[in-house]
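> generate a structure from the sequence data that follows.
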Amino acid sequence: TAGPPQDEMPAKVGPAPVALPGSPSRALASDRTKQRVKQSEVRRKPMASPVLRLSSLRNGSRESSRILSDLEPKLPAFADGPLRLSVVIPCFNEKATIRTVLETVRAAEPLEKEIIVVDDASSDGTRELLQGELASAVDKLIFFEANCGKGAALRAGFAAATGNVVLVQDADLEYHPTEYPKLLAPILSGEADVVYGSRFIGGESHRVLYYWHSLSNWGLTTLSNMLTNLNLTDMEVCYKVFRKSILDQITIEEDRFGFEPEITAKVARLGCRIYEVGISYSGRTYEEGKKIGWRDGVRAFWCILKYNLLR
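All right, here's what the predicted structure looks like:
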């Protein structure tokens, strides 16, 4: 059956520049990187209105159809109007995976979405791919002139997002976009403001890798929980989904992996309704391109204290 009618977005005349944060409330966090960032242009033809079509979702997997069939009567509770999903992908030296990631994100449900890639000064050919043959797979491209870190990339991507829901997707293959319907479900039902994926709950498959990483993750999550009074199982997870109205109240200050404890402390302080959803995980080894290291763990420990006790 046909989906509900949707408004057409006005056609754009030529490529439009991506707007980066410039409001006074964000000036402090952006000063350190704004001289090193150059804006790209929208490389994609004006897409159809990014309104969620339930009919298109029903054509997907059985699980997606079941979730959205259950949610359909509750959709009016989504106060921000019909879903307009923005997917923000921070990217640094991911030439081997960026093509597959963009293909799977574009194919994932909901089919209509805004894809924003922030290239953090890649030097392995990723930037050239994004500017060339992959340009049509991306709605907005933002390039950094020098490597600034994941937090800085997300800060720029969040500012460029026009959707009313924003999802963070890494540019590697550790997290699979087919799980978007599960992550979006608590927000679509009107029950959540923020959704975290979790690699440690649910019955999904997980690649078995580093013991000390999992122990460090548990320790950082536990310390964060003690200071936020939350009961998260995976604070450091990539998959995080936010109502855009929540992100608009937050200034991201951390440039690198300190983003995870910072955003957790700030959404907790706002009193957001936070849900967790079990997800699968196909972790990488360092030989395969994993980048996080022990120094990032030390920084995360400091950020937990900083954003919970010193602010």
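> buried sites along stretch 156-168?
Neighbour counts over stretch 156-168 (16 or more other CB atoms under 10 Å) mark 156-161, 163-168 as buried. Every C-beta, even on glycine, is put in place using the N, C-alpha and C of the backbone.
> do stretch 264-274 as well
The neighbour-count check on stretch 264-274 (16+ other CB under 10 Å) flags 264-268, 272, 274 as buried.
> contacting residues around that stretch?
191-196, 224, 227-230, 232, 235, 242, 246, 249-250, 303-304, 307-308, 311 (CB atoms under 8 Å, 6 or more residues apart in numbering).
> do the same with stretch 237-247
80, 86, 158, 161, 163-170, 174-175, 179, 183-184, 187, 193-199, 260, 263, 267, 270, 272, 279.
> among these, which are in strands?
86, 165-168, 194-198 (DSSP state E).
> from these, which is closest to Glu133?
Nearest to Glu133 out of these is Ser86 (CB to CB; 23.2 Å).
> so how far is Ala171 from the closest one?
Distance of Ser86 to Ala171, computed by CB to CB, to the nearest Å: 16 Å.
> CA atoms only: put the longest helix that the chain contains into PDB for me.
Using DSSP state H to define each element, the chain has its longest helix at helix 211-228. Presented in PDB, the C-alpha positions along helix 211-228 are these (Å, rounded to 0.1, in the frame of the first residue of the first chain):
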ATOM      1  CA  TYR A 211      40.000  -8.800  27.200                       C
ATOM      2  CA  TRP A 212      41.700  -5.700  28.600                       C
ATOM      3  CA  HIS A 213      39.600  -3.400  26.300                       C
ATOM      4  CA  SER A 214      36.400  -5.000  27.600                       C
ATOM      5  CA  LEU A 215      37.600  -4.600  31.200                       C
ATOM      6  CA  SER A 216      38.500  -0.900  30.600                       C
ATOM      7  CA  ASN A 217      35.100  -0.300  29.000                       C
ATOM      8  CA  TRP A 218      33.400  -1.900  32.000                       C
ATOM      9  CA  GLY A 219      35.500   0.300  34.400                       C
ATOM     10  CA  LEU A 220      34.800   3.500  32.600                       C
ATOM     11  CA  THR A 221      31.100   2.800  32.200                       C
ATOM     12  CA  THR A 222      30.800   1.900  35.900                       C
ATOM     13  CA  LEU A 223      32.600   5.100  37.000                       C
ATOM     14  CA  SER A 224      30.400   7.100  34.600                       C
ATOM     15  CA  ASN A 225      27.300   5.400  36.000                       C
ATOM     16  CA  MET A 226      28.300   6.200  39.600                       C
ATOM     17  CA  LEU A 227      28.500   9.900  38.800                       C
ATOM     18  CA  THR A 228      25.500  10.200  36.500                       C
END
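> what's the neighbour count on Thr104?
Neighbour count of Thr104, defined by other CB atoms under 10 Å: 14.
> equivalent analysis for Met226, please.
Quick note: Met226 (other CB under 10 Å) scores 11 neighbours.
> kindly report the same for Leu227.
Applying other CB under 10 Å, we find 16 residues neighbouring Leu227.
> where does pLDDT dip in this protein?
Confidence mapping of the chain against pLDDT under 70 gives the ranges 1-80, 203, 205-210, 283-292.
> strands of that one, start to end?
37-39, 85-91, 114-119, 140-144, 165-168, 194-198, 240-243, 274-278.
> ok, Glu253 touching Glu262?
Yes - applying CB atoms under 8 Å, one finds Glu253 in contact with Glu262, separated by 6.5 Å.
> what's the overlap in contacts for the two?
Listed as contacting both Glu253 and Glu262 by CB under 8 Å, 6+ apart are Gly151.
> nearest to Gly125, of the strands of the chain?
Closest to Gly125 of the strands of the chain is strand 114-119 (CB to CB; 11.1 Å).
> sheet-wise, list the partners of that closest one with their directions.
strand 85-91 (parallel), strand 140-144 (parallel) (DSSP bridges).
> okay, the ones you listed, which one's buried deepest?
Scoring these by mean neighbour count under mean count of other CB atoms under 10 Å gives strand 85-91 as the most buried, with a mean of 25.
> ok, and what's touching it?
50, 52, 98, 101-102, 105, 110, 112-120, 122, 126, 130, 150, 153-154, 157-158, 161-163, 165-171, 180, 184, 244.
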